[in-house]
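Visitor: This is the structure alone, sequence omitted:
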């Protein structure tokens, strides 16, 4: 049995923004160029699957071009001392790329269908 203390980390857009992933809600964020209803709903997929696919392909392309930052790497280091669970709103895989072993994605994952 693992006797290490447990830590739960909640992460969001800020940690990935440091790596170059734009946030959705900032003044220059992704929702400034796209309506949620046009790219992130089942109805959007029914109306225009090409637009939805293009939107998420652009997110995937961008996620592949960036690297984890010091924040991601610091959370990995915590695993040497604690049982760490990261609960993230982010759809990118930067926590996993950094080496975190227990990540829960609340809004899904870009690289899983």
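Guide: Happy to help now that I have it. What you see is a predicted model, and the numbers here were worked out from it, not measured in a lab.
Visitor: For stretch 46-54, what does the pLDDT average out to?
Guide: Throughout stretch 46-54, pLDDT has a mean value of 94.
Visitor: Contacts for it, please.
Guide: 38, 39, 40, 44, 45 (Cβ atoms under 8 Å, 6 or more residues apart in numbering). (C-beta placed from N, C-alpha, C; glycine too.)
Visitor: Show me what counts as buried in it.
Guide: Under the neighbour-count criterion of 16 or more other Cβ atoms under 10 Å, stretch 46-54 has residue 52 buried.
Visitor: Figure out how far it is from the centre of its chain.
Guide: How far stretch 46-54 lies from its chain's middle: 21 Å, per Cα atoms, centre = their mean, to the nearest Å.
Visitor: top of the contacts of stretch 46-54 by neighbour count?
Guide: In terms of neighbours by other Cβ atoms under 10 Å, the contacts of stretch 46-54 top out with residue 39 at 20 neighbours.
Visitor: My guess is it contacts residue 58. True?
Guide: No. Counting by Cβ atoms under 8 Å, residue 39 does not reach residue 58; the two are 10.0 Å apart.
Visitor: Is the residue positioned nearest the centre of the chain in a helix, a strand, or coil?
Guide: Residue closest to the average C-alpha location in the chain (Cα atoms, centre = their mean): residue 90, at 2.4 Å. On the three-state scheme (DSSP: H, G, I helix; E, B strand; the rest coil), residue 90 is labelled coil.
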